[in-house]
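Enquirer: got a structure for you, letters missing:
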């Protein structure tokens, strides 16, 4: 120490620490009040700003009080430097965590506001958070007096070995970035893979894409496999789609009546059933003279992929009920088998050494 420690030194140090604590508590209460007001606004940026300040400002006030307490004590220059260095490292650590959370929140808000980017794709958020934390770690090392130049050189050389060892992981990472950058898939899209798996995209992270099937089970697909396979996105370029329902009526039916009745049922279903498109125009197209019926296709408008099952269900029920009321028959497949009696030849046995002779026998 520079001199002997006195009671006044301890009192001044205690006052500095207490002032830092009181300032941190008061600032935290103030920022909590600001957070309540920020929640009432439509802009989400003020929420992020207040969250970052709630982490940094109270800690900065407390560390400032601790630094003042250290300055009030008769410490040697070496101890004073270590104290200041420790407090600086703690402050950098707090600022880094707050910045990582804030920048990740900004990135999440940006991705949600962009229609071509998956709103919950954590790959961007995770990459941003890792980069901020890495920068903070390098700043801490520099503050401690550790040279980061040799470390960066070693990381550059070792990165080649790591890249070779993590080929699959890196392939999935860049495949996920490519999927998001190409704007082919985003959260909420209903997709079907060439292998048969289908469902709603829940998330795209650094390694895999999570798909929720209609059975509410999760399907995990590596990003590399998703980028290589053929995929149908039922939400792109538009969410609305059409479905085809095959129907057949008897040959003795009045096709004009069939078309009019079917169009009325389609209009009724489009208006009443949830998920249908009320503005959809009924489309009926006759196309086949079948074995027992005249076949035609009915085109229905659907607002979203999973709605098609409910709409098709209601349409078939209502169409069947209306056909029965109008006397329109939907014949079952029939086949007529005609058996004609005729001559059948069978071999007759001869004596030994003679050839067999085939004689006709008539079946009556």
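Expert: That came in fine, so what should we check first? As the structure is a computational prediction, the values presented were derived from the model and not from experiment.
Enquirer: contacts and neighbour counts: CA atoms only from here.
Expert: Fine.
Enquirer: where's the longest helix seen in the chain relative to the chain centroid, distance-wise?
Expert: If you go by DSSP state H, the chain has its longest helix at helix 77-113. Helix 77-113 sits 31 Å away from the centroid of its parent chain (C-alpha atoms, centre = their mean, to the nearest Å).
Enquirer: so what touches the next helix or strand after it?
Expert: Moving toward the C-terminus from helix 77-113, the next helix or strand (DSSP states H and E) is helix 122-143. Helix 122-143 has contacts (C-alpha atoms under 8 Å, 6 or more residues apart in numbering) with 85, 88-89, 92-93, 96-97, 99-101, 103-105, 107-108, 147-148, 176-177, 203-206.
Enquirer: from these, which would you call buried?
Expert: Buried members of the contacts of helix 122-143, counted by 16 or more other C-alpha atoms under 10 Å: 85, 88-89, 92-93, 96-97, 99-101, 103-105, 107-108, 176-177, 203-206.
Enquirer: ok, how many other residues are close to residue 20?
Expert: By other C-alpha atoms under 10 Å, the residues close to residue 20 number 24.
Enquirer: surely it meets residue 69?
Expert: No. Counting by C-alpha atoms under 8 Å, residue 20 sits too far from residue 69 to count as a contact (9.5 Å).
Enquirer: on the three-state scheme, the nearest residue in space to residue 249 that is not next to it in sequence is what?
Expert: Leaving out its chain neighbours, the residue that sits closest to residue 249 by C-alpha to C-alpha, 6 or more residues apart in numbering is residue 330, at 4.6 Å. At residue 330 the chain is in coil, as set by DSSP: H, G, I helix; E, B strand; the rest coil.
Enquirer: any idea how far residue 330 is from residue 308?
Expert: 23 Å (C-alpha to C-alpha, to the nearest Å).
Enquirer: how about residue 297?
Expert: Distance, residue 297 to residue 308, using C-alpha to C-alpha: 16 Å.
Enquirer: likewise for residue 197?
Expert: As defined by C-alpha to C-alpha, residue 197 lies at a distance of 18 Å from residue 308.
Enquirer: shaky segments in this protein?
Expert: 1-5, 44-45, 107-124, 151-152, 154-166, 335-336, 341-364 (pLDDT under 70).
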